[in-house]
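Asks: sequence-free structure coming up:
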Ligand SMILES: Nc1ncnc2c1ncn2[C@@H]1O[C@H](COP(=O)(O)OP(=O)(O)OP(=O)(O)O)[C@@H](O)[C@H]1O
């Protein structure tokens, strides 16, 4: 299974509220792609469409060449793993229980974990430095600890496509860098990741390409320096900002200056 995603002319409407239309892009093996856009522009909605949780009104989503609408939930889960924005869990699951859920797409209903499953879970706990949390109840973890456990669950799923919805939102700066470095490291040559995020500096530093959703359209896509521009930030985010290329830190530095008053 390769990490190929093709999105063609996608449109989605919640009841009578259009979210976006004419959204087309692809993801190739080895790519980390950032998805940015103002609040409510449809980033989470797009990720849910890519997971087959919501049905598109128009357009096609191809996972490794197969239309998503022809795939079962389990087949989609073997292609795509998700790290949600909201990680609150009420039930009495340990962190290891949650990570083990990443193996469900590979297990029959009453089948117990195989040595391969144990190995995948152990690897995911190590890759996310969450071994020390494994016996703790997830509902007693901090938001940032829970987010790392959710990344571990997604990694245990060993899907070629990783979809992450603001995975660094609850993390301190060291863990933000850590999480995005881990995503980069696991993507390597044979997987790809799409990450919805609000931090332009982090996005530009860790993403090979970026997509910008705004006003119901994909208004820009390409290298970070082509997407995160002063003009796009003014037009679509309504802020005046200074955007600088800083070779020393290997990325763009975005300094928001002031909001632009709405008419
Ligand atoms: N279940 C729902 N029913 C109706 N409308 C919804 C539903 N979920 C989201 N919306 C609306 O769809 C639009 C897109 O929401 P979405 O959560 O995808 O945006 P987002 O870009 O992820 O936002 P944020 O940056 O705030 O997380 C918003 O206007 C939102 O109010």
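Replies: Everything's here; your move. Owing to the predicted nature of the structure, the values given are computational and were not obtained by experimental measurement.
Asks: Between its first and last residues, how far does stretch 43-58 reach?
Replies: 17 Å (Cα to Cα, to the nearest Å).
Asks: need the contact list for the residue positioned nearest the centre of the chain.
Replies: The centroid of the chain falls nearest to residue 164 when counting by Cα atoms, centre = their mean (1.8 Å). The contact partners of residue 164, taken as Cβ atoms under 8 Å, 6 or more residues apart in numbering, are 82, 83, 151, 154, 183, 193, 194, 195, 196. Just so you know, the C-beta spots here come from the backbone N, C-alpha and C atoms, and that holds for glycine as well.
Asks: Would you convert those into TSV that also reports neighbour count and distance to residue 43?
Replies: Formatted as TSV, those follow (neighbours: other Cβ atoms under 10 Å; distance: Cβ to Cβ, whole Å):
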residue	neighbour count	distance to residue 43
82	21	13
83	26	13
151	26	18
154	26	17
183	24	16
193	28	14
194	26	10
195	27	10
196	25	4
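Asks: For the residue nearest to the centre of the chain, list each beta-bridge partner.
Replies: Counting by DSSP bridges, residue 164 forms beta bridges with residue 83, residue 195.
Asks: how many other residues sit next to the nearest residue to residue 116 once chain neighbours are set aside?
Replies: Among residues not flanking residue 116 along the chain, residue 106 sits closest, at 7.9 Å (Cβ to Cβ, 6 or more residues apart in numbering). Residue 106 sits with 18 neighbouring residues when counted by other Cβ atoms under 10 Å.
Asks: next one: residue 148
Replies: Count around residue 148 with other Cβ under 10 Å applied: 27.
Asks: pretty sure it contacts residue 126?
Replies: No: in this structure, residue 148 is not within contact of residue 126 by Cβ atoms under 8 Å, at 11.9 Å.
Asks: In the protein, where is pLDDT below threshold?
Replies: Scanning the chain for pLDDT under 70 picks out 1-2, 249-250, 262-263.
Asks: where do the helices sit along the stretch 1-150 of the chain?
Replies: For the stretch 1-150 of the chain, helices defined by DSSP state H, counting those that start in this stretch occupy the ranges 43-50, 73-79, 95-100, 115-127, 143-156.
Asks: For the third one, enumerate the helices and strands it packs against.
Replies: Contact analysis of helix 95-100 by 3 or more Cβ pairs under 8 Å, 6 or more residues apart in numbering; DSSP states H and E lists helix 115-127, helix 143-156 as its packing neighbours.
Asks: chain center to the strand or helix carrying residue 244: distance?
Replies: For residue 244, the element it lies in under DSSP states H and E is strand 239-246. In terms of Cα atoms, centre = their mean, to the nearest Å, the centre of strand 239-246 is set 24 Å apart from its chain centre.
Asks: Also stretch 119-136?
Replies: That offset, for stretch 119-136, works out to 20 Å (Cα atoms, centre = their mean).
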